[in-house]
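Asks: quick check, what structure comes out for this input:
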Amino acid sequence: MEFEKIRDALKKKEGEPAKIRGWIYRKRSSGKIVFVVIRDSTGIMQVIVEKSKVADEDFKNADKALIESSVEVEGVIHEDERAPGGKEIHATKFNVIGFAKEFPITEYQSVEFLLDNRHLWLRSRRMTEVMKLKASMLKFIREWFDENEFWEVTPSVITMNAAEGGATVFSFDYFGQTAYLSQTAQMYLEALIFSLERVWSLTPSFRAEKSRTRRHLIEYWHLEAEEAWVKNEENMKLQEEMVSYVCQNIAKRCKEQLEYLGRNPEDLMVVEPPFKRIKYKDAIKILQDKGFDIQWGDDFGAPHEKALAEGEEKPIFVTNFPVESKAFYMKISPDGKTVECADMIAPEGYGEIIGGSEREEDIESMIERLKKDGADIKNYEWYFDLRRYGSVPHSGFGLGLERFLCWIAKLEHIRDATPFPRLLRRAYP
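Replies: The predicted structure follows:
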């Protein structure tokens with residue numbers, strides 16, 4: 001008999017044989033019986049090891065093995081409502097593959113302790129369910145891009161351009177030249193639209209922001225897309241369609257993970273186009289009416305974004321930010337004061353999850369804005385070439401995967417949306 005996943009063993013009927021392997025999740029002993037809960041990637045299952053029904057060595061090992069010991073179990077299915085999943089295995093064989101030392105993580109550990117032991121904390125059921133949900137998100141994202149004729153591409157994360165500004169970029173010596181860890185793949189994606197038209201990528205991005213909030217990572221996974229022949233309004237439609245597709249599929253196909261993490265799947269079923277659109281100038285008025293001290297030109301912080309999305313069941317767009325507050329590559333609107341852009345803000349206080357815009361085509365306008373930021377113009381000549389040789393209206397957007405996951409999974413802190421979070425003053429383990 002071959003080994004089977006716990007998920008499949010739990011589907012078996014009374015008296016059927018079962019053979020599983022995994023790690024000890026919980027254990028207690030009462031003399032001649034050892035109660036062991038085994039976990040694998042698919043779930044948990046209780047195993048009953050009775051002294052009279054297994055070899056002496058097997059019973060001694062079951063009694064001796066500590067939490068996180070790796071084991072192989074063979075036995076017979078028994079239905080019992082008290083057991084996790086309503087079924088358990090009465091063991092006939094119990095083989096310990098690797099005896100674990102006393103596990104350092106117990107209840108009520110500090111956040112710093114759990115971060116120091118992240119390599120072990122990843123074994124927790126909570127982190128396991130988060131990682132499963134993240135994998136499902138990526139699966140549905142890829143499905144949506146495939147269905148909408150986007151090509152997945154692989155841009156570099158080493159660049160000579162500090163696209164989002166030099167103050168928050170990591171620089172390093174690249175064989176005598178100053179290079180940067182990418183903050184965005186956008187410029188490289190723009191180069192690819194002139195052959196592939198619609199492209200997307202998933203790359204790590206790096207922001208040297210000295211922020212210690214529940215929404216910031218130093219290194220995060222950045223999902224970005226660029227589309228030829230697309231203006232800002234159509235760009236927003238693509239974003240809301242993609243987010244809705246992911247939410248709907250997760251609600252239907254990942255109920256177990258959502259419910260374990262405290263998210264009602266019905267919350268995500270209501271996420272469907274269209275999303276509300278609010279112009280920046282109107283958002284400022286809304287915030288002022290709510291008592292915020294904020295003026296034209298000010299950026300939004302977490303409290304502002306929370307207030308703007310208050311009472312909403314699905315994300316909203318804030319559009320047409322002031323020229324001075326956004327990057328040089330965003331197309332200036334006909335009013336000359338704002339840019340053709342949109343930030344997607346998630347409800348329930350989770351804040352911005354997507355930033356997007358139509359891209360500027362006027363080279364002189366971009367040069368002027370770059371000079372104000374003190375940029376070295378020659379590093380952008382290749383980017384200007386994209387406008388010199390057959391430019392077209394085009395747009396794109398970037399989604400922070402971990403922020404998106406935080407909202408979907410109702411996570412309190414972004415550090416739990418990635419296996420090994422890189423935070424201010426933390427790059428271990």
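
Asks: Provide a list of residues in contact with Arg126.
Replies: Listed by C-beta atoms under 8 Å, 6 or more residues apart in numbering, the contact set of Arg126 reads Tyr260, Leu261, Asp416. All C-beta atoms are positioned from the backbone trio N, CA, C, and that covers glycine.

Asks: if I look at it, how far off is Gly176?
Replies: Between Arg126 and Gly176 the computed distance is 47 Å (C-beta to C-beta, to the nearest Å).

Asks: what is the neighbour count of the nearest residue to Ala185 once chain neighbours are set aside?
Replies: Of all residues not flanking Ala185 in the chain, Pro155 sits nearest, at 4.1 Å (C-beta to C-beta, 6 or more residues apart in numbering). Other residues near Pro155 come to 18 when the count uses other C-beta atoms under 10 Å.

Asks: mind listing what Pro155 touches?
Replies: Taking C-beta under 8 Å, 6+ apart as the test, what Pro155 contacts is Ser182, Ala185, Tyr188, Leu189, Leu192, Ser201, Thr203.

Asks: same check, this time on Met45
Replies: Met45 touches Ile6, Ala9, Leu10, Ile20, Val37, Ile38, Ala83, Pro84, Gly85, Lys87, Glu88, Ile89, counting by C-beta under 8 Å, 6+ apart.

Asks: element containing it?
Replies: Using DSSP states H and E, Met45 sits in strand 43-50.

Asks: distance from that strand to the middle of the chain?
Replies: 33 Å (C-alpha atoms, centre = their mean, to the nearest Å).

Asks: do stretch 108-123 as well
Replies: For stretch 108-123, the distance to the chain centre is 19 Å (C-alpha atoms, centre = their mean).

Asks: dump that stretch to PDB, restricted to CA.
Replies: Output in PDB follows, covering the C-alpha atoms of stretch 108-123 (Å, rounded to 0.1, in the frame of the first residue of the first chain):
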ATOM      1  CA  TYR A 108       2.200  33.100  23.500                       C
ATOM      2  CA  GLN A 109       5.600  33.900  22.000                       C
ATOM      3  CA  SER A 110       6.600  37.500  21.100                       C
ATOM      4  CA  VAL A 111       6.500  38.700  17.500                       C
ATOM      5  CA  GLU A 112      10.300  39.200  17.500                       C
ATOM      6  CA  PHE A 113      10.900  35.600  18.800                       C
ATOM      7  CA  LEU A 114       8.600  34.200  16.000                       C
ATOM      8  CA  LEU A 115      10.500  36.300  13.400                       C
ATOM      9  CA  ASP A 116      13.800  35.100  14.700                       C
ATOM     10  CA  ASN A 117      12.500  31.500  14.300                       C
ATOM     11  CA  ARG A 118      10.600  32.200  11.100                       C
ATOM     12  CA  HIS A 119      12.100  29.100   9.500                       C
ATOM     13  CA  LEU A 120      10.200  27.000  12.100                       C
ATOM     14  CA  TRP A 121       7.100  29.200  12.500                       C
ATOM     15  CA  LEU A 122       6.300  28.500   8.900                       C
ATOM     16  CA  ARG A 123       5.200  25.100  10.000                       C
END
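
Asks: number of residues surrounding the residue nearest to Met187 when sequence neighbours are not counted?
Replies: Sequence neighbours aside, Tyr383 is the residue nearest to Met187 in space, at 5.4 Å (criterion: C-beta to C-beta, 6+ apart). When neighbours are defined as other C-beta under 10 Å, Tyr383 has 19 of them.

Asks: whichever strand or helix holds Lys19 - contacts with which helices or strands?
Replies: Per DSSP H and E: Lys19 is located in strand 17-30. Here strand 17-30 touches helix 6-9, strand 33-40, strand 43-50, strand 70-79, strand 87-98, going by 3 or more C-beta pairs under 8 Å, 6 or more residues apart in numbering; DSSP states H and E.

Asks: reformat those as TSV; add mean pLDDT and distance to Arg388.
Replies: As requested, the helices and strands packed on strand 17-30 are arranged in TSV below (pLDDT from 0 to 100; distance: least, C-beta to C-beta, whole Å):
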stretch	mean pLDDT	distance to Arg388
helix 6-9	98	57
strand 33-40	98	57
strand 43-50	98	58
strand 70-79	98	61
strand 87-98	98	62
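
Asks: pull out the buried residues from the contacts of Arg126.
Replies: Among those, those classed as buried by 16 or more other C-beta atoms under 10 Å are Tyr260, Leu261, Asp416.

Asks: give me the neighbour count for Glu107.
Replies: Counted with other C-beta under 10 Å, Glu107 comes out at 4.

Asks: helix/strand/coil for it?
Replies: coil (DSSP: H, G, I helix; E, B strand; the rest coil).

Asks: confirm that the residue nearest to Ala185 sits in a helix.
Replies: No. Per three-state DSSP, Pro155 lies outside any helix segment and is coil.

Asks: need the phi and psi values for it.
Replies: Pro155 adopts backbone torsions of phi -70, psi 160, taken as degrees, to the nearest 10.

Asks: next one, pLDDT for it please.
Replies: Per-residue pLDDT puts Pro155 at 98.

Asks: gap between it and Arg82?
Replies: Distance of Pro155 to Arg82, computed by C-beta to C-beta: 54 Å.

Asks: all helices of the stretch 101-250 of the chain, in order?
Replies: Taking DSSP state H, counting those that start in this stretch to define them, one finds helices in the stretch 101-250 of the chain at 111-116, 118-121, 125-147, 186-196, 232-253.

Asks: which of the residues in the fourth one are buried?
Replies: Neighbour-count burial for helix 186-196, with 16+ other C-beta under 10 Å as criterion, is recorded at Gln186, Met187, Tyr188, Leu189, Glu190, Ala191, Leu192, Ile193, Leu196.

Asks: same check, this time on stretch 101-115
Replies: Buried, per 16+ other C-beta under 10 Å, within stretch 101-115: Leu114, Leu115.

Asks: now do it, average pLDDT.
Replies: Per-region confidence: stretch 101-115 scores 96 on mean pLDDT.

Asks: contact partners of it?
Replies: Stretch 101-115 is contacted from outside by Leu66, Ile67, Glu68, Asn117, Leu120, Trp121, Ser124, Arg415, Pro421, Leu423, Arg426, using C-beta under 8 Å, 6+ apart.
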